[in-house]
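In: Got a sequence here, can you model it:
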Amino acid sequence: DDVLIVIDKPAGMTVHPAPGQWTGTLVNALLHHCGQSLSGIGGVKRPGIVHRIDKDTSGLLVVAKTDAAHQGLSKQFAAHTAERAYNAIVWGKPAPASGTIEGAIGRDPRNRKRMAVVHSGGKDARTHYTTRAASGLGAALLECRLETGRTHQIRVHMAESSWPLIGDPLYGRVSKARRARLDDTALDAAQDFRRQALHAATLGFIHPLTGETLQFESPLPDDMDALLKALGVTLSGK
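Out: Numbering: from 1, shown residues only. A predicted model of the protein is given here:
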């Protein structure tokens, strides 16, 4: 497309340069591929970047190639009209099986590197979730849809609800009780999974110039698929 690009980002790639990592980012790759055709909004560090996903989250994001596209897309994300659905593998079996988690998110007063559900000073956040499959070993695959887009929103809301993402270095861990339920294969898979088990699977928006409704899908990456199998989480049709 002449005005935008949809990227399926691998886990481990940072979206834009920042102190400590000036190279090897998605922006560096885009500049190499697109030259100077990216939108200038965001400055030299974030050209074309409309929204982002965490370094160790895989999946879809849209990048603007013109300022007009950038402005049009940014309005949709600000108004929360863009569709964003994530696949998350969590510890626990959510009850109810589907619902909405609400809780304002701000900096954790005890650890400034973390976000947390806070009672004052945070930004409203709502995450809608549906359980797609669950395992007798105490894990589940969820589809999470963002109504708002706060930093670490899904990770924080899931941990707050006692269903932390497997592999999440900030908000999730294998508790002793959960570890006791796992056989050796499942325990090894959970301990070896070194990123939050989160994948941006669906992205939908209105094309900022043509007005066409666009929707993109990204399949579950191999590492998360292997984790599901090791934990005994079976999707219907597989």
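In: Give me the buried positions along stretch 116-131.
Out: Neighbour counts using 16 or more other Cβ atoms under 10 Å place 116, 117, 118, 122, 125, 126, 127, 129, 131 of stretch 116-131 among the buried residues. All C-beta atoms are positioned from the backbone trio N, CA, C, and that covers glycine.
In: For these, give me a markdown table that also has distance to residue 55, pLDDT and secondary structure.
Out: What follows is these, written out as a markdown table (distance: Cβ to Cβ, whole Å; pLDDT from 0 to 100; DSSP: H, G, I helix; E, B strand; the rest coil):
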| residue | distance to residue 55 | pLDDT | secondary structure |
| --- | --- | --- | --- |
| 116 | 20 | 95 | strand |
| 117 | 22 | 96 | strand |
| 118 | 24 | 95 | coil |
| 122 | 23 | 94 | coil |
| 125 | 20 | 95 | coil |
| 126 | 24 | 95 | strand |
| 127 | 20 | 97 | strand |
| 129 | 23 | 98 | strand |
| 131 | 27 | 97 | strand |
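In: wait, residue 77 sits on residue 52?
Out: No - if you go by Cβ atoms under 8 Å, residue 77 and residue 52 don't touch, sitting 10.5 Å apart.
In: pull the CA atoms of stretch 62-72 into CSV?
Out: Listed next in CSV are the C-alpha coordinates belonging to stretch 62-72 (Å, rounded to 0.1, in the frame of the first residue of the first chain):
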residue,chain,number,x,y,z
VAL,A,62,0.3,-0.9,11.3
VAL,A,63,2.8,1.7,10.2
ALA,A,64,2.0,4.9,8.4
LYS,A,65,3.9,6.0,5.2
THR,A,66,2.3,9.4,5.0
ASP,A,67,1.4,12.1,7.5
ALA,A,68,-2.2,12.0,6.4
ALA,A,69,-2.4,8.2,7.0
HIS,A,70,-0.6,8.7,10.3
GLN,A,71,-3.2,11.3,11.5
GLY,A,72,-6.1,9.2,10.3
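In: List the pairing partners of the helix or strand containing residue 214 within its sheet, with orientation.
Out: Element membership for residue 214, per DSSP states H and E: strand 213-217. The partner list of strand 213-217 in its sheet, established with DSSP bridges, is strand 198-206 (antiparallel).
In: could you point out which element follows the least confident helix or strand in the chain by mean pLDDT?
Out: Every helix and strand in the chain was compared by mean pLDDT, DSSP states H and E; the lowest is helix 26-34, with a mean of 67. Later in the chain than helix 26-34, the nearest helix or strand by DSSP H and E is strand 58-64.
In: in the longest helix along the chain, what counts as buried?
Out: Secondary structure of the chain per DSSP state H: the longest helix is helix 67-78. Under the neighbour-count criterion of 16+ other Cβ under 10 Å, helix 67-78 has 69, 70, 72, 73, 74, 76, 77 buried.
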